[in-house]
Each structure stands twice: as structure tokens, then as C-alpha cells.
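> Predicted structure and sequence below. I'll ask about it afterward.
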Amino acid sequence: MNRYSLRTYFPATVDSTLVQGQWQFDTLYHKVPPFSFTSQTGASFSQKELQGKVFVANFFYTSCQGICKQVSTQLARVHDAFRFQPDVRLVSFTVNPEQDLVPQLKEYSDSFRADPSRWIFLTGPKPQIQALAAQGFKLPVVAAAGDSAELELHKQLMLVDKQKRIRGIYDGTSAKEIDRLITEINVLLSEYETDHGK
């Protein structure tokens with residue numbers, strides 16, 4: 001059987017166990033840490049709501065006219081492709097929470113016809129969002145607006161599995177990369193179906 005498997009990013013440690021006199025080694029991977037912010041509906045939203053879900057994460061801000069709009073337009077394709085799939089979510093974190101309050105997030109999400117139960121836009125304390133981007137998703141730290149790190153931060157999409165491990169990194173401005181993301185979400189879902197069937 002030909003089986004395509006996704007890699008797992010950011011190994012954290014190598015664990016060793018002695019089994020019947022033989023050392024067995026296993027790589028433990030970085031996991032996205034817990035978070036809790038406010039969604040475009042005004043409700044609190046935490047990682048608990050993503051339990052048992054595969055999700056795509058990105059960082060943006062609503063007044064970003066260039067790259068963020070491009071990425072959100074591409075994400076709308078992913079949203080539409082998985083509109084009826086109960087195990088897939090999109091999560092967009094604003095990096096400008098001082099300006100992007102609930103009404104701004106709602107207006108922005110409405111402009112992409114986002115189903116708020118499937119595509120969640122989040123705002124919250126800036127230090128927590130920055131820490132999540134840098135430590136949770138291993139994205140570059142932005143020193144100043146307009147620097148190359150900011151460009152990378154807004155371009156990147158991260159595919160996270162049900163165990164909170166990062167399984168894919170994509171250029172959100174590229175239609176070809178979005179095609180790959182859609183394919184790889186399906187691969188990940190089929191891995192869970194296959195594993196569940198054992």
C-alpha cells in the first residue's frame with residue numbers, strides 16, 4: 001500500500017527507554033502550548049475548543065492591506081474546502097490587538113464569509129500573542145513594522161495535528177502552497193481514520 005505521511009516539525013527531546021535489555025529511542029516533538037483569547041463573536045476561546053481537531057494557524061492584523069489580505073483570501077479557499085468537515089478549524093491570531101477588537105475582527109471575518117464556528121479570529125493581550133507566535137509556533141520575532149521577520153510572520157500558515165504538534169508550514173500567499181495544505185490536511189485526516197480503524 002502506498003502511504004504518504006507528513007513529517008513532524010521541531011523535535012524537542014529524544015527520550016530513551018530500556019525495553020528487554022535494549023535501549024529504544026523516541027523523538028518527542030514540540031507541542032503548541034495552551035492559549036485562551038477572545039473570538040470575533042466576543043466569546044472566550046481556548047485551545048480546549050480544538051481538542052480532537054486539526055487546525056491551521058496564522059498571524060495577521062485587520063488593517064494590513066497587502067500580504068494579510070492575500071493570505072486570508074487563500075485561507076478562505078481552505079475554509080470552503082473543509083466547510084463540512086467537523087475535525088478541521090482555522091485559527092487567525094491578530095498581532096495588533098490594541099486596534100483589532102471584537103467588532104473589527106467580526107467585520108474582517110464577515111468580509112471573508114467565515115463561519116465563526118470553523119474559522120476563529122482571536123484577539124487578546126499582545127505579550128501573550130507574541131509569546132505564542134515565537135515560542136508556541138516558532139515564528140520569527142518582529143522587531144519593527146516592515147522588517148523581514150514581519151513579512152515571514154504574516155505569510156506563514158501552520159498545520160497543527162490533534163496532538164498539538166506542527167505537521168506543516170506553508171506560504172499563505174501561494175495558491176500552489178494552499179493546494180498542498182488542502183492535500184496535507186486530507187492526508188492527516190486519513191492518518192487518523194486509519195489509526196482509529198486499527
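Nice, I can see it.
> where does A149 land on pLDDT?
With respect to pLDDT, A149 scores 48.
> Tell me, how many residues neighbour S190?
12 (other CB atoms under 10 Å). Where C-beta positions appear, they are placed from N, C-alpha and C, glycine not excepted.
> do you know how far the residue nearest in space to the middle of the chain is from Q22?
Centroid-nearest residue in the chain, with CA atoms, centre = their mean: A57, separated by 1.9 Å. Distance of A57 to Q22, computed by CB to CB, to the nearest Å: 39 Å.
> Name whatever forms a beta bridge with L122.
S39, F93 (DSSP bridges).
> thought it was touching F93?
Yes. Assessed by CB atoms under 8 Å, L122 is found in contact with F93 at 5.1 Å.
> Touching both of the two, which residues are there?
F37 (CB atoms under 8 Å, 6 or more residues apart in numbering).
> low-scoring stretches of the protein, by residue?
Where the chain drops to pLDDT under 70, the residues are 1-4, 9-21, 23-26, 141-152, 195-198.
> who's in contact with stretch 68-87?
For stretch 68-87, using CB under 8 Å, 6+ apart, the contacting residues are 52-54, 56, 58, 60-62, 88, 90, 92, 108, 112-115, 118-119, 154-155, 157, 162, 172-175, 178, 181-182, 185, 189, 192.
> For PyMOL, write the select line for the buried members of the residues you listed.
Selecting the buried subset of the contacts of stretch 68-87 in PyMOL, with 16 or more other CB atoms under 10 Å as the burial test, is done by:
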select buried, resi 53+54+56+58+60+61+62+88+90+92+108+112+114+118+119+154+155+157+162+172+173+174+178+181+182+185+189
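> so of the contacts of stretch 68-87, which ones are in helices?
Y108, H154, K155, A175, I178, L181, I182, I185, L189, Y192 (DSSP state H).
> Nearest to F45 among those residues?
Y108 (15.7 Å; CB to CB).
> What are the neighbouring residues in contact with the closest one?
Q40, T62, S72, D100, F121.
> Mind checking which of the residues you listed are buried?
Q40, T62, S72, D100, F121.
> from what I can see the last one touches Q40, true?
Yes. Assessed by CB under 8 Å, F121 is found in contact with Q40 at 4.3 Å.
> re the thing from before, out of the ones in helices among the contacts of stretch 68-87, who's nearest Q128?
Nearest to Q128 among the ones in helices among the contacts of stretch 68-87, with distances taken as CB to CB, is H154, at 18.5 Å.
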